[in-house]
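# predicted structure and sequence below. I'll ask about it afterward.
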Amino acid sequence: MWPKFYFDWLRKSAPTGSVEVYPEISETFETNLPNVFVIGDLTGVPLLKLACESGVNVWNSIPSRNNERFDVVIIGGGPAGISCALEGKRLGKKYLVLESNVPFQTIQSYPNGKPIFAEPKFYPTKSKLTIKDTTKELLLEDLNEYLKENPINIKTNKRVIQIIRDSIGYLLETESGEKFETNAIVIAIGKSGDPKKLGIPGESSSHVFYRLIDPKDTLGQSVVIIGGGDTALEAAIQCSDYAKEITLVHRGTDFQRAKIENVNQIKRLERDTKIKILYESQVTEIVPSAVFIKSKEKAVKSKAEMVFVLIGTLPPVGFLERVGIKLQNQKKFIDWLGFGALFSFATTAYFGKSAMYGPGWFSSLATFASAVSAICLIAYGVLYWKAGRIKGSFWKIVKSFYFIFVLSYFLFVYLSSTYFQFQFLGKTPAFHYTFLYSTTILIFGIRRILVRKTEYILYQTLTLIGIQVFFLFLLPEIILPKLGEFGLLGSEDSYIRREIFPGDAYWKAYGLILAWPLNMGVLYDGGITTFWLGYGLLFSFGLIPFLVYRYGKGAYCGWICSCGGLAETLGDEYRQKMPHSQTAYRIEHFGQYILFFAFILTLLKLVGVFGKSIIPILSLGEIFADSTKWIYDLVVDIGLAGVIGVGFYFLYSGRIWCRMFCPLASLMHIYARFSSFRIFSDKKKCISCNICTKNCHQGIDVMGYASRGIPMDSVQCVRCSACVSLCPTDVLRFGTERKGRISYDHLEAIKKES
């Protein structure tokens, strides 16, 4: 009972929403298929203005080829597709638009009178199509008028059913049997695929609709509308002038993800008795002229001559999978090969560098894993090359060769040290591991700065690089040993060599940055000195709590920690892979058990060290701790922090260790429960696009906070700024809240350029 109460206290009723599934695309809109691009709503940004802009920007990535084929065939004639065609016309390209219906069909399917919001308000667009605040009818009139004055090469009523890759480009086949050859493809079909279903009896009845076309159709009817988003609320508002009665059925306690204007208007209509709202309710069955509704208190039968199920739509997953486009977090054989290569390499690295003080089977396991890693990497490279996915991207080529270098380098130093007693540069595998770790943070940190162009990320990444390279590599591995070798640290009786580095244990310098219990050696030490006892207690229970209270957990996890440094640099490209499932939410505080185990071991150790001279029997505590700690070292330090933490980088994000298992993060979760740090949101500007949640590699449902307009105070937040900087409507801001007063951070995590 108490663990549930404790975990509920840590979570603080945090939202636990999931993320929608979209195609996996690069920053240049390219899918896993070479020269096949996705633009518009299918990129995950449901904004007409940004959809039009993507139609212009995608031309920066479409290759130019001199042949008789189309330069590009654009599938879809919505705002994104038409904008892409207009830009192609301006550039003098050979293009063709294939539209399954008529131009701007998605907008035509909006309810009559639907308001259009041109967000972001001050976003400068290069598209020829102008999107402004208006209504559906006026927007369609403007768009069609512009298209009439600026004709493009478009074929309507041409549904693409197949895409075949050939030696040059692609062959597209339509439902009518026509075929078109092209060098590249741009998919701009929008995300309004099949509507989401309730999965209840009667929902296929003739009086059940999944879209409202004309509110006048509800004249004099008893209407039931199911849903709690903007689409459902807007439908209820528009039908309120015509329907005899309207019942709005919503499974939530409030309208968390709807625009504030719609919420205010729907509640005003409720007060005027024009709409009846049933919260925490769901329809269980639909029968002719009625529905059965179940709530917490009771089940009722409500009259329903027309039923509108407006709970959203599913992306056109079937078409995308049929043509071979990979979806986000979809795992194929090549992905499992890549995972096998990295996971086995992590096994080699962590068991290999620990083999010098571990049991003999450490070396055997590390050697076996090295062979598996090499085989998987070779197979992965062959399949990757055959798929053509490495072509045309300088960064992909650099990254691929770097990974090969890292694997080859460490295998060389490990195998030569283990089997030939040859230490490269006179250093152990642990030294070379730290060197590669630091180099990786440096290289991928530079890439992050160049790609994520915000002032916040610039300073954060430079700090992470500086701390890792200097304090966690050069200082303990090179500088201090050299200073000691030249006698610059004093005699053996000097304070530095007696208290800080007793016995010339320069590795203890890691403890200056890596706090207990992430680094158990800070306090778990049989020969612990007064300096390390005082420093360890002050660092973990004094300085870090202050930082967390003032700046949030991310002050350490996002700006100091080496695990965070690797996650924010190497793991930056893979942050969208973090699971947002209910299972992930249930196990995300597993580290609390590890923290408890670490606390008991350290307490027994310190009590034994300092108490056995007073009460001899207390030495049993130290004996028990020492006989048990190997389990902690094997499971936590090597297994979870190393093999799992690094091995799962490209499968489930670089923050799996940080979110699920890290005992220091778990300690800071307790501190963060009292933190004044918040991420504030402007609910009126939130469009519920889910980009913030999707890019949170700590699995936080940021949109769940933003759409409700409440400050985000999740203890999981590592202050990476991805949600703030990637928000297309600038909804989110860092700040603090003390005694009801809100202060925003001076160093904003906002975009330098669009």
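Cool, got the structure. Everything numeric here is computed off the predicted structure, so don't read it as measured data.
# number of nearby residues for the closest residue to Gln221 other than its chain neighbours?
Once flanking residues are discounted, Gln221 sits nearest to Glu305: 4.5 Å by CB to CB, 6 or more residues apart in numbering. All C-beta atoms are positioned from the backbone trio N, CA, C, and that covers glycine. Residues near Glu305, counting by other CB atoms under 10 Å, number 17.
# and Glu305, how far is that from Glu285?
Distance, Glu305 to Glu285, using CB to CB, to the nearest Å: 16 Å.
# wait, what's in contact with Asn150?
Residues near Asn150 by CB atoms under 8 Å, 6 or more residues apart in numbering: 86, 89, 128.
# the second one: neighbour count?
Read that as Lys89. Neighbours of Lys89 (other CB under 10 Å): 15.
# ditto for Phe29
So Phe29, with other CB under 10 Å, has 24 neighbours.
# can you check the one 10 residues further on too?
Around Ile39 there are 30 other residues, counting by other CB under 10 Å.
# quick check: it touching Glu30?
No. Contact criterion CB atoms under 8 Å: Ile39 and Glu30 do not qualify, at 10.7 Å.
# and Phe661, what does it touch?
590-591, 594, 636, 640-641, 644-645.
# returning to what we had before: how close does the residue nearest to Gln221 sit to Ala515?
65 Å.
# could you do Ile617 as well?
If you go by CB to CB, the gap between Ile617 and Ala515 works out to 31 Å.
# more crowded one of the two?
Ala515 (24 against 9).
# which parts of the stretch 651-754 of the chain are strands?
677-681, 732-738, 741-744 (DSSP state E, counting those that start in this stretch).
# now do the shortest one, average pLDDT.
I take that to be strand 741-744. For strand 741-744, mean pLDDT rounds to 80.
# list the helices and strands it packs on?
strand 677-681, strand 732-738 (3 or more CB pairs under 8 Å, 6 or more residues apart in numbering; DSSP states H and E).
# buried deepest among these, which one?
Comparing the helices and strands packed on strand 741-744 on average neighbours per residue, with mean count of other CB atoms under 10 Å, the densest one is strand 677-681 at a mean of 23.
# neighbours of Leu98, just the number please.
The burial count for Leu98: 23, using other CB under 10 Å.
# no, scratch that, I was asking about Glu280
Neighbours of Glu280 using other CB under 10 Å come to 14.
# likewise for Phe531?
Count around Phe531 with other CB under 10 Å applied: 16.
# compare the helices and strands packed on strand 741-744 and give me the one nearest Leu96.
strand 732-738 (40.2 Å; CB to CB).
# distance to Pro111 and mean pLDDT added to the helices and strands packed on strand 741-744, as CSV?
What follows is these, written out as CSV (distance: least, CB to CB, whole Å; pLDDT from 0 to 100):
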stretch, distance to Pro111, mean pLDDT
strand 677-681, 27, 92
strand 732-738, 30, 89
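# dump those strands into JSON lines; add distance to Asp504 as well.
Formatted as JSON lines, the helices and strands packed on strand 741-744 follow (distance: least, CB to CB, whole Å):
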{"stretch": "strand 677-681", "distance to Asp504": "40"}
{"stretch": "strand 732-738", "distance to Asp504": "43"}
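# please enumerate the helices of the stretch 551-700 of the chain.
554-557, 562-569, 582-587, 591-611, 619-632, 645-647, 649-652, 656, 663-672, 691-694 (DSSP state H, counting those that start in this stretch).
# including mean neighbour count and distance to Ala243, could the ones you listed go into CSV?
Shown next, in CSV, are the helices of the stretch 551-700 of the chain (neighbours: other CB atoms under 10 Å; distance: least, CB to CB, whole Å):
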stretch, mean neighbour count, distance to Ala243
helix 554-557, 25, 49
helix 562-569, 26, 52
helix 582-587, 13, 37
helix 591-611, 19, 52
helix 619-632, 15, 65
helix 645-647, 23, 56
helix 649-652, 20, 47
helix 656, 27, 50
helix 663-672, 24, 48
helix 691-694, 26, 35
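# of those helices, which is nearest Pro215?
Of these, nearest to Pro215 by CB to CB is helix 691-694, at 31.0 Å.
# ok, residues contacting that closest one?
Contacts of helix 691-694 (CB under 8 Å, 6+ apart): 17, 19-20, 44-45, 576, 580, 700-704, 706, 722-723, 726-728, 731-732.
# return the distance of stretch 579-594 from the chain's centre.
Its chain's C-alpha centre and that of stretch 579-594 lie 16 Å apart, by CA atoms, centre = their mean, to the nearest Å.
# how about stretch 696-711?
12 Å.
# tell me the average confidence for that stretch?
Here the average pLDDT along stretch 696-711 is 88.
# and if you look at stretch 127-146?
87.
# also stretch 536-547?
96.
# for that stretch, buried residues please.
536, 539-540, 544-545, 547 (16 or more other CB atoms under 10 Å).
# the helices and strands packed on strand 741-744: which one's closest to Lys508?
Of those, nearest to Lys508 by CB to CB is strand 677-681, at 31.0 Å.
# what helices and strands are in contact with the closest one?
So strand 677-681, by 3+ CB pairs under 8 Å, 6+ apart, packs with helix 544-551, helix 702-706, strand 732-738, strand 741-744.
# and the nearest residue to Thr428 once chain neighbours are set aside, how far from Tyr524?
Leaving out its chain neighbours, the residue that sits closest to Thr428 by CB to CB, 6+ apart is Met356, at 6.3 Å. Computed as CB to CB, the Met356 to Tyr524 distance reads 20 Å.
# how far is the helix or strand that Glu145 is a member of from where the chain is centred?
Using DSSP states H and E, Glu145 sits in helix 136-149. With CA atoms, centre = their mean as the basis, helix 136-149 stands 37 Å off its chain's centre.
# next SSE downstream of that helix?
Following helix 136-149 in sequence, per DSSP H and E, is strand 154-155.
# in the stretch 151-300 of the chain, which spans are helices?
Under DSSP H, counting those that start in this stretch, the stretch 151-300 of the chain gives helices at 230-239, 260-271.
# could you report the neighbour count for Ala374?
17.
# which elements pack onto the helix or strand that contains it?
Taking DSSP H and E as the definition, Ala374 sits inside helix 361-386. If you count contacts as 3+ CB pairs under 8 Å, 6+ apart, helix 361-386 packs onto helix 333-354, helix 394-420.
# Gly228: which of those helices is closest?
Using CB to CB, the nearest of those to Gly228 is helix 333-354, at 35.5 Å.
# what inclination does that closest one have with respect to helix 361-386?
Angle of helix 333-354 versus helix 361-386, following axes from the mean of the first three to the mean of the last three CA atoms, to 10 degrees, is 150 degrees.
# quick one: helix 333-354 to helix 394-420, angle?
Using the same axes, to 10 degrees: helix 333-354 against helix 394-420 is 40 degrees.
# ok, Gly611 - contacts?
Contacts of Gly611 by CB under 8 Å, 6+ apart are 618, 621.
# read off the pLDDT value for it.
90.
# I'd like to know how far it sits from Ile465.
Taken as CB to CB, the span from Gly611 to Ile465 is 43 Å.
# circling back to that earlier point, between the helices and strands packed on strand 741-744, which gets nearest to Phe255?
strand 677-681 (15.3 Å).
# alpha carbons only: can I get the closest one in CSV?
What follows is strand 677-681, C-alpha atoms only, in CSV (Å, rounded to 0.1, in the frame of the first residue of the first chain):
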residue,chain,number,x,y,z
PHE,A,677,10.8,25.3,-11.2
ARG,A,678,8.0,25.1,-13.7
ILE,A,679,7.4,25.1,-17.4
PHE,A,680,4.5,27.6,-17.9
SER,A,681,2.1,27.4,-20.8
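# contact partners of it?
548-554, 702, 705-706, 709-713, 717, 719, 723-724, 731-737, 742, 744.
# returning to what we had before: what helices or strands is the helix holding Glu145 leaning on?
helix 79-91, helix 105-108.
# which of the residues in that helix are buried?
136, 139-140, 143, 147.
# kindly report the same for stretch 214-225.
Here stretch 214-225 shows 215, 218, 221-225 as buried, counting by 16+ other CB under 10 Å.
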